[in-house]
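[1] what's the 3D shape of this:
(one chain, ligands or ions: 1)
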Amino acid sequence: MADRISIRKLTDKKEFSRLIDIQRVVWGHPDLDLTPVHQFCISSFMGGLVLGAFVDEELAGFVYSFPAIFHGKFCHHSHLLAVLPQFQGHGLGKKLKWAQRREVMKLGLDLVTWTFDPMQSRNANLNFHTLGGICRTYLEDFYGETPQLRLGPGIPTDRLLVEWPIRSARVQKKAQEKQEKALDLSFLPKAVEGLREEDGSYRPGPVNLKLTAPVFLAETVREVRALKERPDLIASWQSALREVFKHYFRRGYAIIDFIFGEQCYYLLKKLQDGAFPAGKTGRKK
Ligand SMILES: CC(C)(COP(=O)(O)OP(=O)(O)OC[C@H]1O[C@@H](n2cnc3c(N)ncnc32)[C@H](O)[C@@H]1OP(=O)(O)O)[C@@H](O)C(=O)NCCC(=O)NCCS
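    Prediction:
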């Protein structure tokens with residue numbers, strides 16, 4: 001497949017209308033929740049970027065970002081990344097993000113941001129382990145009453161805001177596919193870890209907010225879709241992670257990596273200049 005993939009900028013209205021179909025297939029959203037053609041037209045004209053991934057001549061995925069300001073710093077905010085299901089797992093998502101990085105660097109910027117649902121472990125793996133992003137901003141119920149963005153009835157649309165410092169040495173290394181050797185880090189202290197219940201369900205144990213170690217783990221579920229019939233379990237994992245992230249982000253910790261395996265963990269590390277100034281860690285509620 002690799003030699004059949006190409007990435008190029010999209011600027012044409014006809015191609016933008018294909019992005020509507022891709023959004024429908026990938027997210028299954030109703031029309032009201034789709035990003036429309038006119039948004040892609042004006043954005044791509046005014047400094048935004050719409051990149052398409054083609055397999056041979058077929059448009060198989062895209063990434064969309066626009067100019068933004070985060071904590072007073074000009075950046076690009078990446079709002080949509082999607083690959084059609086039949087093309088997923090072949091490296092298109094990664095190629096789109098690396099191409100986005102190159103294009104944003106050409107604009108003279110050094111930061112790309114985006115949000116994602118912390119319960120989506122594959123996306124966490126992509127964002128932190130594969131691309132080298134970090135996160136120190138938790139957005140509680142960020143998109144509010146949009147049923148399509150919820151993981152289940154009554155579950156808030158919590159999001160993590162990823163910062164991707166695209167010129168940093170770490171990201172540079174990741175771009176060259178120089179992955180660090182996978183280390184066994186399971187000995188690290190854990191702010192939360194799963195407990196198997198008698199009925200077979202896997203629940204978060206008590207949250208530990210007393211850690212002072214420079215590095216620690218927070219467990220999450222491997223496959224949130226498998227819990228579709230158990231919104232109670234989704235809600236309990238979400239609220240445990242929310243408590244951990246909000247608490248430790250305030251104390252200067254950031255998510256710097258993700259371990260994807262039989263069990264999945266966020267890796268948090270205390271940064272020198274980790275915490276944003278008080279009151280600036282996201283939108284007021
Ligand atoms: C997220 C998405 C764009 C990724 O596209 P893709 O072409 O399938 O991804 P790739 O094959 O390039 O894989 C990229 C990385 O994703 C992660 N990933 C993908 N599939 C995975 C899997 N089965 N298990 C664990 N990690 C996985 C890995 O980090 C992988 O990098 P690696 O191959 O170096 O380990 C695609 O799955 C998608 O459209 N999903 C639905 C929409 C969505 O979630 N968008 C992103 C919102 S933040």
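
[2] Only C-alpha atoms from now on, for both contacts and neighbour counts.
    Fine.

[3] And the helices in the stretch 51-200 of the chain, which stretches?
    For the stretch 51-200 of the chain, the helices defined by DSSP state H, counting those that start in this stretch occupy 92-106, 121-124, 169-175.

[4] Which of the residues in the last one are classified as buried?
    Under the neighbour-count criterion of 16 or more other C-alpha atoms under 10 Å, helix 169-175 has 171, 174, 175 buried.

[5] The first one: what's it in contact with?
    The neighbours of residue 171, taking C-alpha atoms under 8 Å, 6 or more residues apart in numbering as the test, are 131, 132, 133, 164, 165.

[6] what separates it from the ligand, distance-wise?
    13 Å (C-alpha to the nearest ligand atom, to the nearest Å).

[7] Look at that residue and report its pLDDT.
    Residue 171 carries a pLDDT value of 97.

[8] Could you count how many residues lie near residue 266?
    Neighbourhood size, residue 266 [other C-alpha atoms under 10 Å]: 26.

[9] Which neighbours in the sheet does the helix or strand it falls within have, and how are they oriented?
    In the assignment (DSSP states H and E), residue 266 maps to strand 264-270. Neighbouring strands of strand 264-270 in its sheet, by DSSP bridges, are strand 215-220 (antiparallel), strand 253-259 (antiparallel).

[10] Report whether it contacts the ligand.
    No. Using C-alpha under 6 Å from any ligand atom, strand 264-270 stays clear of the ligand, with a minimum separation of 9.9 Å.

[11] neighbouring contacts of that strand?
    By C-alpha under 8 Å, 6+ apart, strand 264-270 touches 121, 214-222, 251-259.

[12] mind checking how far that strand is from the chain centre?
    Put simply, strand 264-270 sits 14 Å off its chain's centre (C-alpha atoms, centre = their mean, to the nearest Å).

[13] buried residues in it?
    264, 265, 266, 267, 268, 269, 270.

[14] Looking at those, spot the one nearest the ligand.
    residue 264 (9.9 Å; C-alpha to the nearest ligand atom).

[15] one step back: of all the helices of the stretch 51-200 of the chain, which one is nearest residue 187?
    Of all the helices of the stretch 51-200 of the chain, helix 121-124 sits nearest to residue 187, with 20.5 Å by C-alpha to C-alpha.

[16] and the longest strand seen in the chain, what other elements does it pack with?
    Looking across the chain with DSSP state E, the single longest strand is strand 58-70. For strand 58-70, the elements it packs on are helix 13-27, strand 49-55, strand 73-83, helix 92-106, judged by 3 or more C-alpha pairs under 8 Å, 6 or more residues apart in numbering; DSSP states H and E.

[17] export those to CSV and tack on mean pLDDT, distance to residue 145 and mean neighbour count?
    Listed next are the helices and strands packed on strand 58-70 as CSV, based on pLDDT from 0 to 100; distance: least, C-alpha to C-alpha, whole Å; neighbours: other C-alpha atoms under 10 Å:
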stretch, mean pLDDT, distance to residue 145, mean neighbour count
helix 13-27, 96, 17, 16
strand 49-55, 98, 27, 23
strand 73-83, 98, 18, 20
helix 92-106, 98, 28, 19
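
[18] Just send the ones you listed back as TSV, with distance to the ligand too.
    Below are the helices and strands packed on strand 58-70 laid out as TSV (distance: least, C-alpha to the nearest ligand atom, whole Å):
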stretch	distance to the ligand
helix 13-27	6
strand 49-55	9
strand 73-83	3
helix 92-106	4
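
[19] Point out where the stretch 51-200 of the chain drops to low pLDDT.
    Counting by pLDDT under 70, the low-confidence segments of the stretch 51-200 of the chain come to 178-180.
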